[in-house]
Structures are given as C-alpha cells and as structure tokens.
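Peer 1: Here is the input, now give the coordinates:
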Amino acid sequence: MAVIAALALASCQGGRVGSSDDAGSPVSVSGVQEAEPIDYDALNVDSSFYDFIYLFKSDSVFQRMRIVFPLEYNDISARRSIAADSWRFDSLLLQNVYYTILNDRLNSLDEQFDMNAGELTLREIYTCDSIVKNYHFAKVDGKWCLESIGILTTEGLQGSFLAFYEQFINDSVFQCEHVDKQLQFVTYDEGDDYEVIDDFITRQQWPSFRPDLHADVISGFDCTETRGASGKMIVTLVKIDAGYNIRLYFRRSGVKGWMLYKYENLSV
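Peer 2: This is a model prediction of the structure:
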C-alpha cells in the first residue's frame, strides 16, 4: 500500500513513526540534517479505511491528531471522557495476525467498507473474559477520526453464532465435528500460474488444509447483518498489510447447528 511505502521512506529519513508520543517530530542531531516532519495530509489515508487504520495504530502522533477529545469512554459500569493530555497510545492489537469480519451476506462484505458510509466500528472480542471493546470511527470533515470507545459483555452479541465460533476456533475436536463430510475447497494452484481450484476435501483431510484459527482475541469490523438470520454466516480473515484472504462459509444444519461447508483460501 502507498501509505506503508511512504512511512518506510519517512523512517529511513530519520522519522520515528509510532515509537513514542513524539513520533514524527523533527530530530536534531549534531552534524546530521534535521528530518522533516511527516506531511500526513499528503499520505491521503482517508481514501481507504485500511490505510487509515494501519497508520492510526502505528503512529502515535497521527493517532492523537485523529481522536475527538474529550473522547467518550463507556465502560460496563460507568461513563466518562478522556482528555487529550490523559490519552495513552493504543496499538489496537497491532500484533494480531489478522482481522476477522463476520457477516451473513457475501455482498454486504463490500458494502460495509463503502467509505461513503462515513462510520465503522472496530471490535476487539476477548473470548476468555467475555468482554467486547468497541472503537467507533466516523468521518469528520472528510477525515476518519475515533469518536468513542465502549466496553461491554459478549452476552447477546452476534446472537448464537459468536458463541459457536469461539468454540470452533479454540476446540479442535468440536471444530472437526462441525465440518461437512464433503467440504468445498477453493484455492490457487501454485504450480499452474495460480489458476483457481474449486474442489472438495473430506472432513478427515480438513486438519491438513485448515489455517491457524486459534485466537484469544477476535479483532473484527462491525457489520449491519451479523446475527445469522439468513441461516448462513461468512467469516473473512484479512491482513491489513498483506495479501491474506481467507473465507469460511457456515450454514445452520438441523440438530448439528452451524456447519462449515466451504473453505476459500485465495491468499497471495
């Protein structure tokens, strides 16, 4: 992405992107030309939420610029606000391998990232503690900004599918029990110019092909349709800074509940 390349260049020129609260400021060293501050507007990160959130969670100076202070902070038992001088840099689980998108309609996966919509919620779901942390972003004068943070319990969140998915990714036996006997598998054939293969594998073969799904924290984006009312759910795993694109397709199946019926791995 353009913004990543620009940040790398700034770092080589002496900028300290995301290293501390004064990251991005000029550095004066005896005998060394002072580095220019980063021109954030020139990076044009607001044309893509992916570019914006990558910079927001990596650069403390940019992060502070893009927060509406006093920041509304709603905890489970209290509501308060955070002043600018009390804010501490938040990496938004920068170390996470991927983000998770839950949705029950394939076409709305693109709709939710329509930048003209003007708002989006990033969720961190702590499965062990049954806690959800919501970061609500909205466009202010055409620029993405963090407007509020809310913490709540997972009770009722995402309906029954979230409870199922938590167990699915953390319990290998339960996982195999909820894979169709014949699982549709879509991937690239690396030996044939990356032609797409659309075939089936058996439930017994699933452990050999499955991605690493275990997670104590699920980081994802809020969607408008997430309760599985259609009887189907799609889980998309994406990396912000890499060509990592995996989709898991589930459908409700009688007494067995949710079953994985299609696995798509088109990562490059």
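
Peer 1: Only C-alpha atoms from now on, for both contacts and neighbour counts.
Peer 2: Fine.

Peer 1: what about the strands in the stretch 51-200 of the chain?
Peer 2: According to DSSP state E, counting those that start in this stretch, the stretch 51-200 of the chain carries its strands in the segments 67-74, 79-82, 99-103, 119-126, 131-140, 143-153, 179-189, 195-202.

Peer 1: any idea which of these scores lowest on pLDDT?
Peer 2: Lowest mean pLDDT within these: strand 99-103, a mean of 69.

Peer 1: residue boundaries of the helices in the chain?
Peer 2: 2-12, 40-43, 49-56, 60-65, 108-111, 159-170, 172-177, 206-209 (DSSP state H).

Peer 1: in this structure, which ranges drop under the pLDDT threshold?
Peer 2: Filtered on pLDDT under 70, the chain yields the residue ranges 1-35, 93-99, 103-117, 155-160, 193, 215-216, 220-230, 239-243.

Peer 1: try 80 this time
Peer 2: 1-36, 50, 93-118, 127-130, 154-163, 190-194, 214-230, 238-245, 255, 267-268 (pLDDT under 80).

Peer 1: quick check: domain ranges of it?
Peer 2: Listed by automatic domain parsing, the domain ranges of the chain are 1-66, 159-265.

Peer 1: so who does Leu213 touch?
Peer 2: For Leu213, the contact set (CA atoms under 8 Å, 6 or more residues apart in numbering) comprises 169-170.

Peer 1: do Phe56 as well
Peer 2: 62-63, 66.

Peer 1: gap between it and Leu146?
Peer 2: Distance of Phe56 to Leu146, computed by CA to CA, to the nearest Å: 9 Å.

Peer 1: any shared contact partners between those two?
Peer 2: Arg66.
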